[in-house]
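# Provide a 3D model corresponding to the input given below.
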Amino acid sequence: MLPKYTLPALAALGFAFGVFSVIRGNQPIPIAQPVAEPANSPFPSFIAGAGIVEAKSQNISVGTPLSGIIQQVTVKVGDKIKAGDILFRIDDREALAELGVRKANLAKAKAAVGEAEASVNDTRNMLELIEAVTDRRAISKEDLDRRRNAHTIAKARLESARAQVLQNEAELAATQTTLDRLVVHAPVAGEVLQVNIRPGEFAPASAGNTPLMVLGNLDQLHIRVDIDENDAWRFRKEGRAVAYLRGNRNFKTDLKLVWVEPYVIPKRSLTGDSTERVDTRVLQALYSFDRASMPAYVGQQMDVFIEAPDASATLPSMPKPGTAETRS
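This next block holds a predicted model:
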């Protein structure tokens, strides 16, 4: 048998363990330290916005005007390209076969023109011989009319043959245009940022979520800043702006305003969740900075602070509707 104090001792130990668990569970969870300290604004009054780095020419999503199987990709990521350089080719065997048919049809039409010209010359000579007879009793009027009609028909056939040549030339040019469209060229000079196609893959002509290829001019980088519509009225073009690199606030650079898009748009969601609903609208401002001043990459997010008047400031006086200022 167990000693008589065993059960009370176990109960006391269980009670003590429960009290210890409750006390330990009620202790506040220590706040995790951030991997990198967030950036602070250098301005006493400012607008904060998230900026995305993009190329000077903006990020150009290259597509194809005609769907088909990729035959050849002539560039790779990081290649420097010039305007007009070949980026990739679509399978052109069907178009080449059609081109051969068009050339054969054109050659046949040109031969028909030569035949029609010979027929016109023959009927003209026969008509001139008959018309040269002075004695009209030697030839009947019916024979004369037949010769004239034959000459008219020969000339009409010649015009038809020439029109057929023009039609075949147009068809040949259309097929050649199709061949040219199966070869995709660089629209601007820049650098290949992304390649999402491989030989043998199908390239759709319709717009998709993933571009076939992305190009951009990286001579100078731009930052597209989203300014919340609630702060849009405080934005001033002459205000100074500074960008900080996410992950290391020691990297910062002064920004120069390029332009402001005067159309407020819905904020783009960066989570990729198709069910997310975003009601915020933003004003987009584009700034430039020296690429050598910061190790930034296209598509990278940055923290941007723009100098702005205090939120308690009053709006500048606006002209009344109907005055000369609004009409000018």
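
# Quick check: which ranges of the stretch 51-200 of the chain have low pLDDT?
135-138 (pLDDT under 70).

# Do a quick rundown of the strands in it.
60-62, 68-73, 80-81, 86-90, 183-185, 190-195 (DSSP state E, counting those that start in this stretch).

# What strands flank the fourth one, and is each parallel or antiparallel?
I take that to be strand 86-90. Partners of strand 86-90 in the sheet, by DSSP bridges, are strand 68-73 (antiparallel), strand 183-185 (antiparallel).

# That strand to strand 190-195, inter-axis angle?
Using axes from the mean of the first three to the mean of the last three C-alpha atoms, to 10 degrees, the direction of strand 86-90 lies 40 degrees away from that of strand 190-195.

# CA atoms of strand 86-90 as CSV?
What follows is strand 86-90, C-alpha atoms only, in CSV (Å, rounded to 0.1, in the frame of the first residue of the first chain):
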residue,chain,number,x,y,z
ILE,A,86,16.0,40.0,-83.3
LEU,A,87,14.6,38.7,-80.0
PHE,A,88,13.0,35.4,-81.0
ARG,A,89,11.5,33.7,-84.0
ILE,A,90,8.1,31.8,-84.4
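
# Dump the strands paired with strand 86-90 into JSON lines; add mean neighbour count and distance to P262 as well.
C-betas here are computed from N, CA, C, even on glycine. JSON lines is the format used below for the strands paired with strand 86-90 (neighbours: other C-beta atoms under 10 Å; distance: least, C-beta to C-beta, whole Å):
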{"stretch": "strand 68-73", "mean neighbour count": "16", "distance to P262": "39"}
{"stretch": "strand 183-185", "mean neighbour count": "18", "distance to P262": "33"}
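
# and those as TSV, adding distance to M126?
Shown next, in TSV, are those (distance: least, C-beta to C-beta, whole Å):
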stretch	distance to M126
strand 68-73	55
strand 183-185	53
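
# Next up, the contacts around the residue nearest the centre of the chain.
Among the residues of the chain, S61 comes closest to the average C-alpha position under C-alpha atoms, centre = their mean, at 3.2 Å. S61 sits next to 211-214 when contact means C-beta atoms under 8 Å, 6 or more residues apart in numbering.

# and with 7 Å instead?
Each residue near S61 by C-beta atoms under 7 Å, 6 or more residues apart in numbering is listed here: 211, 214.

# so how far is R89 from it?
Per C-beta to C-beta, to the nearest Å, S61 is found 19 Å from R89.

# For the chain, which segments count as helices?
6-25, 93-131, 141-181, 324-327 (DSSP state H).

# For D254, find the nearest of the ones you listed.
helix 324-327 (34.1 Å; C-beta to C-beta).

# What is the burial count for F289?
23 (other C-beta atoms under 10 Å).

# check contacts around the residue nearest to it when sequence neighbours are not counted.
Spatial nearest neighbour of F289, chain neighbours left out: T253 (4.6 Å); criterion: C-beta to C-beta, 6 or more residues apart in numbering. The neighbours of T253, taking C-beta under 7 Å, 6+ apart as the test, are 243, 289-290, 293-294.

# and T253, bridged to which residues?
A243.

# For the remainder of this discussion, apply numbering that starts at 877.
With 877 as the first residue, the last one maps to T1129.

# Distance-wise, check it relative to G901.
For T1129, the distance to G901 - C-beta to C-beta - is 48 Å.

# top of the contacts of T1129 by neighbour count?
Counting by other C-beta under 10 Å, top hit in these: A1119 with 26 neighbours.

# surely that one meets M1178?
Yes. Here A1119 reaches M1178: they are 4.6 Å apart, a contact under C-beta atoms under 7 Å.
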